[in-house]
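S.K.: Quick one, fold the following:
(one chain, ligands or ions: 2)
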Amino acid sequence: MSELPTIIEVAIPLHLNTSFHYRVPPDLVLLAQPGKRVLVPFGRRKLTGYLLGVVSESREQLRDIIEVLDQEPLFTPAELDLYRWMAAYYHHPLGEVIKTALPAGINIQSSNRTTLAKDGRPMAEEVMSGGRKVKSELFYLPLSGAETDAAPRGKAVQLLQFLREAGEASATLLRQRFGAVAPQLKRLVELGLVRGEAREVYRDPFREEVFERDQPLVLNVHQHAAKLQITAALDSKAFAPFLLHGVTGSGKTEVYLQAIAHGLEQGKTALVLVPEIALTPQLVKRFKRRFACGIAVLHSGLSDGERYDEWRRIRRDEVTIVIGARSALFAPLQRLGIIVVDEEHEDSYKQSEGFRYNARDMALVRGKRDYAVVVLGSATPLVTSYHAALEKKLGYLSLPGRVRDLPMPATELLDMRGRKGDALSPGLIAELGANLAKGGQSLLFLNRRGFATFLICQDCGHVLRCPNCSVTLTYHRGRGRHFCHYCDYFIAAPSVCPGCGGPEIGLLGRGTERVEEEIRELFPQARVSRMDRDTTRGRGGHARILKGVETGEIDILIGTQMIAKGHDFPGVTLVGVLSADASLNLPDFRSAERTFQLVSQVMGRAGRGDLPGRVLIQSLEPAHYTLTRAAAHDFAGFYADEIAFRHEVGYPPFAHLASLNLTGNSPAGVERGAKEAAAQLRSIRQELQVKVEILGPAAAPLAKIRGRYRWQILLKATRRSELHRLLAGFGGKLKLPPVVRMGIDIDPVDML
Ligand code: ADP
Ligand code: ZN
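M.R.: Ligands and ions are numbered 1, 2, ... in the order given. Coordinates of the predicted model:
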């Protein structure tokens, strides 16, 4: 009797809303298990898909799979279930969700050590040197040589230009700047214009360092109360979500550490999500000091190969604590007891492209499925989180004061109206001078890098704009160029107006680079440093500057939001916020909330040592509730003001949002697509009788980025289920012209 052929369901990481059926040839039947990758024919291509399960029958025309790519399944049935849930919630193709969840490095094995992975991304590879595993990274260098007639086109030209300017660049850097570049690099190499070179790079800075063990601290009464609630929840082995609300320095991290220790004693594992590892080396060190067990730190400095190594260690159950940014949410920890989401309010938990998931939200979903405790920690929780705590949907744990009874810094708002051209008010200059004389350290925060934000011709009014994006170019004097902060466009600084040829070009607006110069002029005796994306390029850039502040080698540090995050600088006694308004008036319903968070965070850097701190906030709107509440360290007051605003305009937590983003190279095409989509949505809404407000379509506030025109449609619903029904109904129906792309963003955090 001949056996029935085995038919399997396969998800393919493409923008497709369905999975596909394939037949398994007899020789592969034993290997074909759910959770593995399979190579399948797809049209005229061969693609990697994920084996979801076996089906009993199929009406499709079946083709055979070509190969089973894994020895062991990559995901468990429970994990697949979570992926499916997320795919449905975010209205995103399951294959792409799975691809996001799995480490990129899994492709290394099956790509036969070619340096370009199947998904078109260049990869670092592991090489053996003297029996020791060393990480090597691919660098690309331009070759001097004649242009052939087969000249590169499109993105390849940009890459080549960039490499010629820069001299060389790592594959990782190119990928960060240009997105997927493998085909272009391959082409450039083939054309003999560029060559690749594997080089050894330094290993994970955390792994080899040996830390002296420390002991749990004796908790203060608030910490103790918080810990008790968390450990009680751990003991009950049920899902329990908490909001841990405590100002910076209130001892949240110590609570995490002791709660996790409790979980580990029960044989559980722990997941700690942080906004960005590079900015939180102190947190990682505290974990390494406290715990002797296996800790995996998934940071952005890892190559794909190293990340895969760590992932396998977790899968093999050699790790009990995982610390990482957003994507660590998918760490394959078994027996998960507790998830900590530190700085839960940070936007970086949301992936802004492709599969737009929010790791903070999904931590709650994962926690619920794993019967785990979830602790969302912040000094400035999301308005929606605080609301949920008031509604008792989150347990509320409060650490109201700083651990060592340090007073919160005295804060003053400085009115900058009428002094728009000045970076620093006389008041702030005087305080800086006084602090310097006393030997105190100062931080100056300005959320804009570069020297000047735009160049304008005094004669003809010409402004330098990016040809690819609807923004002005920022002048970076150190590099002698005007850069776009959204794409990679730059031009050499012109000496005359590019519009009229006139000589009178003025540089307006001010970034950190210019403030640094002004500070150096004002205080020639001070040791001044700057921390922004320009000065922290390259390895150890952050650490070097942070160390300089820690050891007292820096008197005045100027920086962007990088200086605001979690650092503990005991010597800082003065903080200046140079323009608190910049982020206040963006066309985004969360701009007040973001400004409050940022200003509060910067303020939190002052007075963490033995000396009291002082904060000066310069603003053109010194009476705005966001600033007055921040200056008064009054979160509850801010919440009251902000929730009233949200209620009035019907934004979260009073509504659920989804935004549809349409982009394309032709402005008319995108507009047409957006209008069609909106009309389509309105008719489906009619058909389904769901209560969803459809706003737009409208051109996005940033109407063009990287040469793509952008339109938006915003959906608002009081009931989430109705929003989902509308989107599900919409899913298959819309036919957009192939040049227009549409992305669905559920619970968007960025409205620009
Ligand atoms: P947060 O995470 O809220 O910013 P931390 O946990 O980093 O606060 O605590 C701030 C500082 O206070 C750290 O240096 C920490 O070691 C110390 N600390 C925390 N809890 C205690 C405690 N119970 N007793 C003494 N020092 C503590
Ligand atoms: Zn641009």
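S.K.: Not counting its neighbours along the chain, what's nearest whatever residue of the stretch 351-500 of the chain ends up closest to ligand 1?
M.R.: Nearest residue of the stretch 351-500 of the chain to ligand 1, counting by CB to the nearest ligand atom: Val403, 4.0 Å away. Just so you know, the C-beta spots here come from the backbone N, C-alpha and C atoms, and that holds for glycine as well. Of all residues not flanking Val403 in the chain, Gly251 sits nearest, at 4.4 Å (CB to CB, 6 or more residues apart in numbering).
S.K.: do you know how far that neighbour is from ligand 2?
M.R.: As defined by CB to the ion, to the nearest Å, Gly251 lies at a distance of 44 Å from ligand 2.
S.K.: again, but for Pro467
M.R.: 7 Å.
S.K.: What degree of burial does that residue show, as a neighbour count?
M.R.: 11 (other CB atoms under 10 Å).
S.K.: Could you do Gln215 as well?
M.R.: Neighbours of Gln215 under the rule other CB under 10 Å: 7.
S.K.: quick one, phi psi at it?
M.R.: The phi/psi pair for Gln215 (degrees, to the nearest 10) reads phi -110, psi 150.
S.K.: residues touching the residue nearest to Val403, list them.
M.R.: Residues in contact with Gly251, defined by CB atoms under 8 Å, 6 or more residues apart in numbering, are Leu219, Asn220, His222, Gln223, Leu399, Val403.
S.K.: And it, how close does it get to Val272?
M.R.: 16 Å (CB to CB, to the nearest Å).
S.K.: Now render the contacts of Gly251 as JSON lines, adding neighbour count and distance to ligand 2.
M.R.: Shown next, in JSON lines, are the contacts of Gly251 (neighbours: other CB atoms under 10 Å; distance: CB to the ion, whole Å):
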{"residue": "Leu219", "neighbour count": "17", "distance to ligand 2": "50"}
{"residue": "Asn220", "neighbour count": "16", "distance to ligand 2": "50"}
{"residue": "His222", "neighbour count": "18", "distance to ligand 2": "48"}
{"residue": "Gln223", "neighbour count": "22", "distance to ligand 2": "47"}
{"residue": "Leu399", "neighbour count": "23", "distance to ligand 2": "43"}
{"residue": "Val403", "neighbour count": "18", "distance to ligand 2": "45"}
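S.K.: did I read that right, Leu432 in a helix?
M.R.: Yes: according to DSSP: H, G, I helix; E, B strand; the rest coil, Leu432 belongs to a helix.
S.K.: can you pull the contacts of it?
M.R.: Going by CB under 8 Å, 6+ apart, the list of residues near Leu432 reads Leu424, Ser442, Ile519, Leu522, Phe523, Ile556, Leu574, Gly576.
S.K.: Can you add secondary structure and neighbour count and give those residues back as TSV?
M.R.: Below are the contacts of Leu432 laid out as TSV (DSSP: H, G, I helix; E, B strand; the rest coil; neighbours: other CB atoms under 10 Å):
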residue	secondary structure	neighbour count
Leu424	coil	22
Ser442	strand	28
Ile519	helix	23
Leu522	helix	16
Phe523	coil	17
Ile556	strand	25
Leu574	strand	25
Gly576	strand	29
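S.K.: Nearest to ligand 1 among those residues?
M.R.: Distance to ligand 1, by CB to the nearest ligand atom, is smallest for Leu574 among these, at 19.8 Å.
S.K.: Could you list the contact residues of the stretch 301-450 of the chain toward ligand 1?
M.R.: With the criterion set to CB under 6 Å from any ligand atom, the stretch 301-450 of the chain comes near ligand 1 through Val403.
S.K.: All the helices of the stretch 301-450 of the chain, in order from the start?
M.R.: Along the stretch 301-450 of the chain, counting by DSSP state H, counting those that start in this stretch, helices occupy 304-315, 359-369, 383-390, 426-437.
S.K.: would you turn the ones you listed into TSV with distance to ligand 2 and mean pLDDT?
M.R.: Listed next are the helices of the stretch 301-450 of the chain as TSV, based on distance: least, CB to the ion, whole Å; pLDDT from 0 to 100:
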stretch	distance to ligand 2	mean pLDDT
helix 304-315	28	88
helix 359-369	28	98
helix 383-390	32	98
helix 426-437	33	94
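S.K.: I'd like the list of the contacts of Gly251 that fall within strands, please.
M.R.: Per DSSP state E, strands hold the following members of those: Leu399.
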